[in-house]
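Colleague: Just need the structure, nothing else, for what follows:
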Amino acid sequence: MYWNANAFHRSYIEMEKQFKVFVYGEGELPLFHNGPCKSIYSMEGNFIHELEVNKQFRTLDPDKAYVYFLPFSVTMLVKYVYVPNSHDFGPIKQTVRDYASLISTKYPFWNRSLAADHFMVACHDWGPEVSKSNDYLGRNSIRVLCNANTSEGFNPSKDVSFPEINLPNGNTHGLIGGPSPRVRTVLAFFAGGLHGPIRPLLLELWENKDQDMMVHQYLPKGVDYYKMMRKSKFCLCPSGFEVASPRVVEAIYTGCVPVLISDHYVAPFGDALNWKSFSVEVSVNDIPNLKRILMSISTSHYLRMQRRLIQVRKHFEFNSPPKRFDVFHMILHSIWLRRLNVRVHDGLPT
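Modeller: Numbers count the residues shown, from 1 in each chain. The predicted model follows:
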């Protein structure tokens, strides 16, 4: 389940000892130092909040920091700055551009590294587009994005894949846990809207076609979404309009082995976790062969995958306050690893 468990634990402990984050204090509510703590964008607000109140990793002395956090929320920019149906990113980009100009004028750190030791977070689909507001922000900074799409410029060597976690009530109460594999009677399950190019194909080929493949656009009346996940061996996680899907973490929470159906998606925490050991990756072209692919997985192999899934689940759990090895710490660990690739020499990153 880990590429190298010993190496991961060593780097994690090193992060705990050394890593310090400076949060820029500039910017006012509701666009800055704020974000949604519920819904599929919940990790934006929760991460901002947990970092700002954190006493272990946050430093108030910028000279002691390894990285510098830009505490704006893309979701809040969309809510308060974007003009609905205008298709105009201009006002949002200007806000971020002005913010970058402010901190680069007031502090030396942005110009010293050309933003290579700075980071932003965004779970909104428009995160990558907003990052292009400033050339250095888009090209050099560590972008922590749910929309981790390599076909749209996501660079795994410097950017971080941000897990999309749907918290309807702002916490994980009732979301985590599921029965043993012995009582999971459904081979594969999916329910969701026709968003993007992949799901229509999935529904066309599998909806109401096979009793083992419970694929729905709308769940039948009286059928509970999370109960279906807990009854299923595999949970299908096709991309929507963008590559990220909250179903991946929902599947992990409920002990249902996720089936990633996406092209160009970089799964979270891939530096530490070997996703092939606890999930199934299926290309879009192989959607017609879904059942054959899943049926070809032996019972013993499936049981190993499901056991590893339960073991890695702690890395995706949201806690407030955070706990060691949980999703907050894993995000910081991913940022820490990318910061190690940045060398500032004579005022420029090398």
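
Colleague: May I see the buried residues of stretch 305-316?
Modeller: 305-306, 308-309, 312-316 (16 or more other Cβ atoms under 10 Å). C-beta here means a position set from N, CA and C on the backbone, and glycine is covered the same way.

Colleague: Could you dump these into JSON lines with pLDDT, distance to Glu28 and secondary structure added?
Modeller: Below are the buried residues of stretch 305-316 laid out as JSON lines (pLDDT from 0 to 100; distance: Cβ to Cβ, whole Å; DSSP: H, G, I helix; E, B strand; the rest coil):
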{"residue": "Met305", "pLDDT": "98", "distance to Glu28": "47", "secondary structure": "helix"}
{"residue": "Gln306", "pLDDT": "98", "distance to Glu28": "47", "secondary structure": "helix"}
{"residue": "Arg308", "pLDDT": "98", "distance to Glu28": "45", "secondary structure": "helix"}
{"residue": "Leu309", "pLDDT": "98", "distance to Glu28": "42", "secondary structure": "helix"}
{"residue": "Val312", "pLDDT": "98", "distance to Glu28": "39", "secondary structure": "helix"}
{"residue": "Arg313", "pLDDT": "98", "distance to Glu28": "37", "secondary structure": "helix"}
{"residue": "Lys314", "pLDDT": "98", "distance to Glu28": "36", "secondary structure": "helix"}
{"residue": "His315", "pLDDT": "98", "distance to Glu28": "34", "secondary structure": "helix"}
{"residue": "Phe316", "pLDDT": "98", "distance to Glu28": "32", "secondary structure": "helix"}
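
Colleague: Now flag whichever of these is closest to Val280.
Modeller: Nearest to Val280 out of the buried residues of stretch 305-316 is Met305 (Cβ to Cβ; 7.9 Å).

Colleague: In contact with that closest one, which residues?
Modeller: Applying Cβ atoms under 8 Å, 6 or more residues apart in numbering to Met305 gives the contacts 257, 277-280, 297.

Colleague: and what of Lys38?
Modeller: By Cβ under 8 Å, 6+ apart, the neighbours of Lys38 are 167-170.

Colleague: go with 6 Å
Modeller: Going by Cβ atoms under 6 Å, 6 or more residues apart in numbering, Lys38 touches 167, 170.

Colleague: What backbone torsions are found at it?
Modeller: Lys38 adopts backbone torsions of phi -130, psi 170, taken as degrees, to the nearest 10.

Colleague: tally of neighbours for the nearest residue to Ala148 once chain neighbours are set aside?
Modeller: Among residues not flanking Ala148 along the chain, Ser161 sits closest, at 3.8 Å (Cβ to Cβ, 6 or more residues apart in numbering). Around Ser161 there are 24 other residues, counting by other Cβ atoms under 10 Å.

Colleague: which other helices and strands contact the helix ranked longest in the chain?
Modeller: Looking across the chain with DSSP state H, the single longest helix is helix 90-106. In terms of contacts (3 or more Cβ pairs under 6 Å, 6 or more residues apart in numbering; DSSP states H and E), helix 90-106 is packed against helix 109-113.
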